[in-house]
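>>> the amino acid sequence is not available; the structure is as follows:
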Ligand code: ADP
Ligand code: AMP
């Protein structure tokens, strides 16, 4: 099975992905997580990607496509995967259409999580992430039991560099221009299911599981 999570930054893709991969035993591919790990390691990919990420821009297609190619070549991922944050441009989607048959996969569903823009800004600026295990929190909507401490592993929580108000606004504009066209792209292929992401986390999860 191959499922794609589509939606603007802050829609709740990572939050839902944590549950989906557990409930449905899918390998998880988040290009954002992979790129952040590369930045932390200061690898050559990380050095190239950082300048784009810091400005809220998309990393060039060829770099991101290479990451996904690498993952799909791994038999663990080829058994079934959840893609979060990829594809983000029509070029990336076309690459996927070409690459999937080679590994015996096809797209089963594209879940498009839709959330109002002012809510997205509040979600992103209040997001906190565990520096050890990557678990996701929100200062108001999903606070940890102890302030700034991860419930799951005790790690420190931090705010992503690109979750500042200025960068958030840029990321939302980039989404509208470069990623939103994918809604039509997958609708035309009868693969799209719209999810009302304005509900609370459990209700969004229920809609996804029903699909
Ligand atoms: P994305 O991966 O789409 O960028 P996240 O899953 O990281 O989004 O969610 C962004 C922020 O919003 C996080 O702080 C998360 O805890 C919070 N969040 C996610 N889903 C909901 C929801 N349904 N209601 C309220 N807050 C949410
Ligand atoms: P995310 O964690 O999905 O919010 O992604 C964080 C940042 O990583 C984005 O703002 C982009 O700079 C970069 N990124 C993640 N996925 C992609 C992608 N598929 N294409 C281009 N850039 C990406």
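Done, it's in. Note that the structure is a prediction, hence the values are computed from the model and not measured. Numbers count the residues shown, from 1 in each chain. Ligands and ions are numbered 1, 2, ... in the order given.

>>> residues of the chain that sit close to ligand 1?
Applying C-beta under 6 Å from any ligand atom, we find that the chain lies next to ligand 1 at 7, 9-15, 123, 126-127, 136-138, 141-142, 200-201, 204. For every residue, glycine as well, the C-beta is placed using N, CA and C.

>>> and the residue of the protein nearest ligand 2?
The minimum distance from the chain to ligand 2, using C-beta to the nearest ligand atom, falls at residue 32 (2.0 Å).

>>> thought that residue was touching residue 85?
Yes - look at residue 32 against residue 85 with C-beta atoms under 8 Å: they come within range, at 4.7 Å.

>>> looking at those two, which is more packed in?
Per other C-beta atoms under 10 Å, whichever of residue 32 and residue 85 has more neighbours is residue 85, with 22 against 19.

>>> the residues of the chain next to ligand 1 in strands, which ones?
127, 136-138 (DSSP state E).

>>> can you give me the strands for the chain?
Under DSSP E, the chain gives strands at 2-6, 27-30, 81-84, 109-114, 127-130, 136-138, 157-158, 192-196.

>>> okay, now the sheet partners of the longest one, with direction.
Spelled out, it's strand 109-114. Sheet pairing of strand 109-114 (DSSP bridges) gives strand 2-6 (parallel), strand 192-196 (parallel).

>>> who's the closest residue to residue 160 other than its chain neighbours bridged to?
Distance criterion C-beta to C-beta, 6 or more residues apart in numbering; nearest residue to residue 160, sequence neighbours excluded, is residue 129 at 6.1 Å. Counting by DSSP bridges, residue 129 forms beta bridges with residue 136, residue 158.

>>> for the protein, identify the residue most remote from the centre.
residue 146 (26.0 Å; C-alpha atoms, centre = their mean).

>>> distance of that one from residue 140?
To residue 140, residue 146 is 16 Å away according to C-beta to C-beta, to the nearest Å.

>>> and if you look at residue 209?
Distance, residue 209 to residue 140, by C-beta to C-beta: 25 Å.

>>> between these two, which is the more surrounded one?
Applying other C-beta under 10 Å to residue 209 and residue 140 shows that residue 209 carries more neighbours, namely 12 against 8.

>>> would you list the strands paired with strand 109-114 in JSON lines and tack on distance to residue 162 and mean pLDDT?
Shown next, in JSON lines, are those (distance: least, C-beta to C-beta, whole Å; pLDDT from 0 to 100):
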{"stretch": "strand 2-6", "distance to residue 162": "18", "mean pLDDT": "97"}
{"stretch": "strand 192-196", "distance to residue 162": "24", "mean pLDDT": "98"}
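
>>> most tightly packed of those?
Across these, averaging neighbours per residue (mean count of other C-beta atoms under 10 Å) puts strand 2-6 on top, at a mean of 24.
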